[in-house]
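Q: Below: sequence and its predicted model.
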Amino acid sequence: MPGPLNGRTALVTGATGGLGTAIARRLAADGAAIALAHFDDDRTAGELSASLPPCFSLSADLRDAEAVRSLCRRAQEALGPVDILVSNAGAYPRQSWPETTPTHWEDTLATNLTSHYLLAHELTAGMTAAGWGRVITIGSVLATAGRHELAGYISAKAGLEGLTRALARELGPDGVTANCVAPGSIRVPAEDAVVDDPEAMTARQLARQCVQRRGRPEDIAAAVAFLATEDAGFITGQTLRVDGGWILG
């Protein structure tokens, strides 16, 4: 059956993480060809790409401009022009404010903000030339909330929302939309490595939310998939918070 993204090509970064994998699977199910961008996780990427034809897997350090340029070139050589950029890759480094050194700060912004700029700058020229494109960044509800030990991360995510709005203004006349999806607390396997008591953490989180369940990667994938379609063609410059109502708490 034809899907809403038949004939489109999407580049999904951070594709071997919980959110990235769910996004790639959903866009592929909707008909898009998928370029999977990841960092040093060839085994997982290989398993995923084998299940999502047509699909192409690439490894790159997205903080490096030349690496991003090469990644985009290889993706387009393999699958054709990229119509949809899902700029998802990032990191969640915790550091107390007194111990936030300039090096830590710069690394956090490079990973969570500059990398998104590099990808968008490289791919949007092709989108504007074609007169159609989607830039979808993955932010965080923490962009509008203060939390301990996350000054760099929160600053980067707030900057990412600003970058997305700027792109919407710059690219809209050429048929390209730019939107940000801001996840709340999403249950992913990586959580187990950083949370001492998952049940207690879940209880605290549900107390903040309107919807009384943990978010799932598929919730984020559904929002991204909608923003990638023709039906979302009049939506741009927006931040869609997919958080079960957390931000209302």
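A: Yep, it's here. Residues are numbered from 1 along each chain as shown.
Q: So Val135, which state does it fall into?
A: Assigned by DSSP: H, G, I helix; E, B strand; the rest coil, the conformation of Val135 is strand.
Q: hang on, it packs against Ser87?
A: Yes - contact criterion C-beta atoms under 8 Å: Val135 and Ser87 qualify, at 7.1 Å. Heads up, the C-betas are built off the backbone N, CA and C, glycines and all.
Q: which residues do these two both contact?
A: Residues touching both Val135 and Ser87 (C-beta atoms under 8 Å, 6 or more residues apart in numbering) are Ala120.
Q: Using CSV, write out every CA atom in the host helix or strand of Leu19.
A: Secondary structure from DSSP states H and E places Leu19 in helix 18-29. Only the C-alpha atoms of helix 18-29 are listed here, as CSV (Å, rounded to 0.1, in the frame of the first residue of the first chain):
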residue,chain,number,x,y,z
GLY,A,18,15.8,4.6,21.3
LEU,A,19,14.2,7.6,19.7
GLY,A,20,16.2,7.5,16.4
THR,A,21,15.4,3.8,15.8
ALA,A,22,11.6,4.4,16.4
ILE,A,23,11.7,7.4,14.1
ALA,A,24,13.5,5.5,11.3
ARG,A,25,11.1,2.6,11.6
ARG,A,26,8.0,4.8,11.4
LEU,A,27,9.3,6.9,8.4
ALA,A,28,10.2,3.7,6.6
ALA,A,29,6.7,2.2,7.3
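Q: Residues touching it, excluding its own?
A: Here helix 18-29 makes contact (C-beta under 8 Å, 6+ apart) with 3, 5, 10, 12-15, 34, 36, 38, 44, 48, 52, 55, 84, 86, 88-89, 138, 183, 186, 188-190, 216-218, 220-222, 224-225, 228.
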